[in-house]
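Trainee: model the structure of this input:
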Amino acid sequence: MDNTHKQLAGLLLAVEQELRAMQRWDQQRPSAEALASSEPFAIDKLSFNQWLQFIFLPRMAGIVEAVSALPEKCSIAPMAEEFYKAEQVDAISLIRHLAAIDAFICDQ
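Mentor: Predicted coordinates:
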């Protein structure tokens, strides 16, 4: 694994750890139907937390493990800001981690 993918792996781990610390990590996997949503962020079937845990993190982990090309762009932090503002949850640390992923991917 090259340095770029190692750095991304560390950023993804930080997101997972923060979701767990915020007690926003689900023990039960959503249905296959919910995970197959074609809407952005699976907004019609999943909460943003679930989307991060069950769609974003696994897809990005797959890229890291396969040492595949990174996406051309990433803009998750703005969605997180809106979601957590509406939820009235202190998610500053999580949003910072997501912004770091956004910046990392856009800079590659």
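Trainee: residue ranges with poor pLDDT in this structure?
Mentor: Judged against pLDDT under 70, the chain has no low-scoring part.
Trainee: what separation do you get for the residue most central in space within the chain and Asp26?
Mentor: With distances taken as Cα atoms, centre = their mean, the residue of the chain nearest its centroid is Leu52 (3.8 Å). Using Cβ to Cβ, to the nearest Å, Leu52 is found at 10 Å from Asp26. Every residue, glycine included, has its C-beta placed from N, CA and C.
Trainee: next one: Glu81
Mentor: Taking Cβ to Cβ, one finds Glu81 at 21 Å from Asp26.
Trainee: now Leu94
Mentor: Distance from Leu94 to Asp26, counting by Cβ to Cβ: 15 Å.
Trainee: looking at these two, which is more packed in?
Mentor: Leu94 (23 against 13; other Cβ atoms under 10 Å).
Trainee: so who does that one touch?
Mentor: By Cβ atoms under 8 Å, 6 or more residues apart in numbering, the contact set of Leu94 is Val15, Glu18, Leu19, Met22, Ala80, Tyr84.
Trainee: now Trp51
Mentor: Counted by Cβ under 8 Å, 6+ apart, Trp51 has contacts Phe41, Ala42, Ile43.
Trainee: so is it in a helix, a strand, or just coil?
Mentor: Here Trp51 is recorded as helix under DSSP: H, G, I helix; E, B strand; the rest coil.
Trainee: helices of this structure, start to end?
Mentor: Ranges of helices in the chain, per DSSP state H, are 3-21, 32-35, 48-51, 57-66, 77-87, 92-107.
Trainee: put the alpha carbons of the fourth one into CSV.
Mentor: Coordinates of each C-alpha in helix 57-66 appear next as CSV, following Å, rounded to 0.1, in the frame of the first residue of the first chain:
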residue,chain,number,x,y,z
LEU,A,57,-16.6,3.9,4.7
PRO,A,58,-16.8,0.4,3.0
ARG,A,59,-16.4,1.9,-0.5
MET,A,60,-13.5,4.0,0.5
ALA,A,61,-11.9,1.1,2.4
GLY,A,62,-12.2,-1.0,-0.8
ILE,A,63,-10.3,1.7,-2.7
VAL,A,64,-7.6,1.7,0.0
GLU,A,65,-7.3,-2.1,0.0
ALA,A,66,-7.2,-2.4,-3.7
